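J.: Compute the structure for the input listed below.
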Amino acid sequence: MKGLELAKRINIIDTHIDVPYRVYRTQEDVSQPTTSGDFDYYRAQTGCLNAAFMAVFIPPSLEGSGKEKQLADELCDIIDNIVKSNPDKFAHLPEPDVDDLYQEIVYLPKALENGAGLEESIDNLIHFFKRGVRYITLTHAEDNNICDSSYATTRKWKGLSPFGKELIPEMNKIGMMVDISHVSDDAFWQVLELSTSPIVATHSSCRAITPGFLRNMSDEMIEALAAKDGVIQITFGSGFINGAFSRDYQEAWNKQKVYIKENNIDADSQEAADYRAEMVSQYNLKNANMSEVVDHIDHVVNLVGINHVGLGSDFDGVGPTTPVGLEDVSKFPNLIGELINRGYDEVSIEKICGGNFIKLWKEVKRLAQ
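T.: I've put the predicted structure just below:
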């Protein structure tokens with residue numbers, strides 16, 4: 001009950017939810033109760049979720065196809081249509097002005113996940129900023145035309161590409177937040193050196209708790225991020241949270257990548273998803289629990305203090321691997337209750353649930369102006 005009481009009083013901002021691509025594939029109406037996925041209006045209201053960054057996800061398989069920007073625009077259209085069709089339930093949030101958010105409205109700021117959607121064009125960066133996109137996750141599961149990915153082994157650019165080195169200052173200039181989730185370590189360090197604005201990891205967790213999982217951030221990286229006023233938004237998928245799950249899931253993931261390549265299967269197809277689910281089933285993976293998510297928050301706080309951590313769930317992006325007790329957006333009060341149990345006060349919980357990220361967003365905007 002304490003978690004719910006506090007959840008109703010503070011702003012809860014989730015910096016990464018994959019609703020647009022889910023709707024693009026399923027045509028579900030998230031303004032109504034849904035039985036699949038992790039998000040709809042009614043579950044968000046139950047969870048007291050005030051704002052959720054809608055990830056405009058560009059599958060790595062589209063890289064170089066000439067269809068990346070087209071898909072990004074279609075997914076932006078989906079977000080716009082959700083808001084336009086349901087003005088009593090949803091609204092845009094293009095600026096970090098959160099003091100007067102209405103509790104009955106769920107705000108849907110936009111993000112671009114995988115900068116391949118820019119198609120190597122600064123003009124397209126401006127285009128998507130005008131469409132309301134406020135951060136760009138530079139890459140995804142493969143190296144792209146901006147930088148290398150933490151998941152890839154090719155390391156094409158040894159960090160940032162020439163276009164990536166041009167892009168970061170332009171993002172700073174217009175007030176577009178730079179998201180280093182998914183990037184390789186080399187790319188992270190180069191972005192950190194190049195950016196004159198604070199940077200954010202919108203959906204990452206702590207490598208110290210999941211050794212060998214390069215998608216998460218090392219302590220050295222978290223310390224460097226914090227030293228430049230950045231924030232790491234803890235993500236919820238069990239592979240990011242539990243070390244044993246992460247190890248086995250990576251092995252299953254690698255097997256399915258080989259299977260997809262050898263059988264010439266579209267990585268984004270249902271057949272690939274079914275095979276991935278079969279691999280997960282074979283490994284008998286047991287999901288993390290909500291308490292383990294808070295372990296990652298504790299780790300960041302103990303390492304760099306309370307001002308550099310937040311929440312970026314990756315709901316609708318991590319499939320069936322959401323933690324027990326934190327299965328969808330209705331469960332945020334459970335997380336807040338666990339923070340209370342661990343001794344966090346209201347001011348600290350407000351920072352974790354959105355205050356730290358909003359401060360960063362405001363600073364990126366201020367420096368651009």
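J.: from here on, contacts and neighbour counts on C-alpha atoms
T.: Fine.
J.: What's the separation between residue 290 and residue 50?
T.: 20 Å (C-alpha to C-alpha, to the nearest Å).
J.: More neighbours: those two, which one.
T.: residue 50 (25 against 22; other C-alpha atoms under 10 Å).
J.: and residue 324, what pLDDT?
T.: Note for residue 324: predicted pLDDT of 98.
J.: doesn't residue 293 make contact with it?
T.: No: at 10.2 Å, residue 324 does not count as touching residue 293 under the criterion of C-alpha atoms under 8 Å.
J.: Tell me which of those two has more neighbours.
T.: residue 293 (24 against 16).
J.: residues contacting that one?
T.: For residue 293, the contact set (C-alpha atoms under 8 Å, 6 or more residues apart in numbering) comprises 234, 235, 236, 241.
J.: Out of those residues, which is nearest to residue 193?
T.: Nearest to residue 193 among these: residue 234, at 22.8 Å, using C-alpha to C-alpha.
J.: circling back to that earlier point, taking the contacts of residue 293 one by one, which sit in strands?
T.: Counting by DSSP state E, the contacts of residue 293 place residue 234 in strands.
J.: possible to save the contacts of residue 293 as CSV with pLDDT and distance to residue 197?
T.: CSV is the format used below for the contacts of residue 293 (pLDDT from 0 to 100; distance: C-alpha to C-alpha, whole Å):
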residue, pLDDT, distance to residue 197
234, 98, 21
235, 98, 23
236, 98, 26
241, 98, 28
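J.: how many neighbours does residue 304 have?
T.: 17.
J.: Equivalent analysis for the one 4 residues further on, please.
T.: Residue 308 sits with 27 neighbouring residues when counted by other C-alpha under 10 Å.
J.: was I right about it contacting residue 234?
T.: No: using C-alpha under 8 Å, residue 308 is not in contact with residue 234; the gap is 10.4 Å.
J.: can you point me to the longest helix in this protein?
T.: helix 243-262 (DSSP state H).
J.: Go ahead and name everything in contact with that one.
T.: 209-213, 238-240, 266-267, 272, 275-276, 279-280, 283, 285-288.
J.: next one: stretch 38-49
T.: For stretch 38-49, using C-alpha under 8 Å, 6+ apart, the contacting residues are 7-8, 11-14, 19, 30-34, 50, 89, 103-104, 106, 315-316, 327-333.
J.: same thing with stretch 195-208?
T.: 15-16, 168-169, 172, 177-181, 192, 213-219, 225, 228-235, 240-241, 296, 299-300, 311-314, 360, 363-364, 367.
J.: if we can go back for a sec, list only buried entries from the contacts of stretch 38-49.
T.: For the contacts of stretch 38-49, a neighbour count by 16 or more other C-alpha atoms under 10 Å gives the buried set as 7-8, 11-14, 19, 30-31, 50, 89, 103-104, 106, 315-316, 327-333.
J.: Understood, closing this out.
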